[in-house]
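Chemist: build me a structure from this.
(one chain, ligands or ions: 2)
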Amino acid sequence: MIVVLKPGTPNLEIEQLTQEFQSQGLNPEKIVGKHKVVIGLVGDTADLDPLQLRELSPWIEQVLRVEKPFKRASRDYRHGEASTVTVTTPGGSVAIGEHQSLVVVAGPCSVENEAMIIETAQRVKAAGAHFLRGGAYKPRTSPYAFQGHGESALELLAAARQASGLGIITEVMDTADVEKVAAIADVLQVGARNMQNFALLKKVGAQDKPVLLKRGMSATIEEWLMAAEYVLAAGNPNVILCERGIRTFDRQYARNTLDLSAIPVLRSLTHLPIMIDPSHGTGRAEYVPAMAMAAIAAGTDALMIEVHPHPAKALSDGPQSLSPQQFDQLMPQLAVLGKAMNRWP
Ligand code: PEP
Ligand code: MN
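Modeler: Ligands and ions are numbered 1, 2, ... in the order given. The predicted model follows:
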């Protein structure tokens, strides 16, 4: 349920209402939008009468029920306003969301060694990327495949962060590693395979770094938004949703089916920022540029693109990684479309 306040509602009034809702056990959350303040109420609201709540103050404009099963993630919860996730990086703050410029995340699948991660960071930064991605902990299908260097790779990411000024996005797979990863990452990635790892979602929800939540490979949009709801319900309002391709009947020519319809669908359902990962989405470097462009045309807020200094030698996901030269060529193309969409600085 949301309580929409009239423009200019005094702070004292907001505080008094908040206390009143608190005393009724309604978990009030003050949401400050661009044009209005909304108080979100989550919990036992089924028996409440919106008309009766409205009587509480002349400053209440409307009381509306959020009908969707996801509440805080719902667009209705912010009365239609998009949210922005702002990340502080060494190079300045980066804002991700519907009304912001397009944000590009680039980097290797895995952090392999210091030289390659620093070289990649500098190359993608020079090409215009905003974040460096790279896995220290890798969720691999085979236990015999490279599992990532773990904790030592976190230090390499910290070095790359310092050398490039880029923010770092890296995956956390285990609740036991959340603090360690959060100590160096600017954004914590929860991977597709962990989208419904509820213990992990609660844990990343209880710390203060933003969370990049990748869509499970067979997750419905509603399951994905309910997973985001876990993070939001645990107290972390900064969630970015990343579509990375879903499992369909045909895997012969593309690794996954990149669901670009998720962009307008999410836009109508949620206020959360949207990212598209055409690298895992297609599994093939040659298909990445077309799908990155399509994602911009469909209105994505951010892109995640795998870039490796020597894709043929990569320890993971080489076939879908762009070389730095290919990334250099792609960025100006993204800029042309980004400008046409009014999503480029
Ligand atoms: C990744 O980003 O490297 C990754 C493992 O992605 P996903 O969880 O989408 O497979
Ligand atoms: Mn990968």
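
Chemist: nearest spatial neighbour of Ser101, chain-adjacent residues omitted?
Modeler: Pro345 (4.8 Å; CB to CB, 6 or more residues apart in numbering). C-beta: built from backbone N, CA, C; applies to glycine.

Chemist: how close does the one you found get to ligand 1?
Modeler: Look at Pro345 and ligand 1: by CB to the nearest ligand atom, to the nearest Å, they are 26 Å apart.

Chemist: burial count for that residue?
Modeler: By other CB atoms under 10 Å, 9 other residues sit near Pro345.

Chemist: doesn't Arg133 make contact with Leu157?
Modeler: No: counting by CB atoms under 8 Å, Leu157 stays clear of Arg133, with 9.5 Å between them.

Chemist: mutual contacts of the two, please.
Modeler: Counting by CB atoms under 8 Å, 6 or more residues apart in numbering, the residues touching both Leu157 and Arg133 are Ile168, Thr170.

Chemist: from Lys339, how far out is the residue nearest to Ser101?
Modeler: Applying CB to CB, to the nearest Å, the value for Pro345 to Lys339 is 9 Å.

Chemist: where does pLDDT dip in the chain?
Modeler: Along the chain, no part satisfies pLDDT under 70.

Chemist: near ligand 2, which residues of the protein? Just list them.
Modeler: Cys109, Asp317 (CB under 5 Å from the ion).

Chemist: the longest helix in the chain is where?
Modeler: Across the chain, the longest stretch assigned as helix under DSSP state H is helix 324-340.

Chemist: which secondary structure elements does that one contact?
Modeler: Packing partners of helix 324-340 (3 or more CB pairs under 8 Å, 6 or more residues apart in numbering; DSSP states H and E): strand 103-107, helix 114-127, helix 288-297, strand 302-306.

Chemist: grab the CA positions of the last one and hand them over as CSV.
Modeler: Extracted in CSV, the C-alpha atoms of strand 302-306 (Å, rounded to 0.1, in the frame of the first residue of the first chain):
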residue,chain,number,x,y,z
ALA,A,302,23.1,-0.1,-18.9
LEU,A,303,25.1,-2.7,-20.8
MET,A,304,27.5,-5.3,-19.5
ILE,A,305,30.0,-6.5,-22.1
GLU,A,306,32.8,-9.0,-21.7
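
Chemist: quick one: it to chain centroid distance?
Modeler: 11 Å (CA atoms, centre = their mean, to the nearest Å).

Chemist: so what does that strand touch, helix or strand wise?
Modeler: Using 3+ CB pairs under 8 Å, 6+ apart: strand 302-306 touches strand 103-107, strand 274-276, helix 278-282, helix 288-297, helix 324-340.

Chemist: for Val87, find the nearest of those.
Modeler: strand 103-107 (8.9 Å; CB to CB).

Chemist: residues in contact with that closest one?
Modeler: Contacts to strand 103-107, defined as CB under 8 Å, 6+ apart, come from residues 94-96, 117, 120-121, 124, 127-134, 169, 275, 301-307, 327, 331, 334.

Chemist: and the gap between Glu223 and Leu213?
Modeler: Per CB to CB, Glu223 is found 11 Å from Leu213.

Chemist: what is the burial count for the residue of the chain found nearest ligand 2?
Modeler: Proximity of the chain to ligand 2 (CB to the ion) peaks at Cys109, 3.2 Å away. Neighbourhood size, Cys109 [other CB under 10 Å]: 24.

Chemist: kindly list the main-chain dihedrals of it?
Modeler: phi -60, psi -50 (degrees, to the nearest 10).

Chemist: excluding chain neighbours, what is closest to it?
Modeler: Cys109's closest residue in space is Asp317 (CB to CB, 6+ apart), at 3.6 Å.

Chemist: state the number of residues packed around the one you found.
Modeler: 20.

Chemist: ChimeraX command for the buried members of the contacts of strand 103-107?
Modeler: Typed into ChimeraX, the next command selects the buried ones out of the contacts of strand 103-107 (criterion: 16 or more other CB atoms under 10 Å):
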select :94,96,117,120,121,124,127,128,129,130,131,132,133,134,169,275,301,302,303,304,305,306,307,327,331,334
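
Chemist: before we move on, the earlier item: dump the residue contacts of the residue nearest to Cys109.
Modeler: Going by CB under 8 Å, 6+ apart, Asp317 touches Cys109, Ser110, Ser279, His280, Glu306, His308.

Chemist: who touches Met341 in this structure?
Modeler: Leu102, Ile296, Ala297, Gly299.
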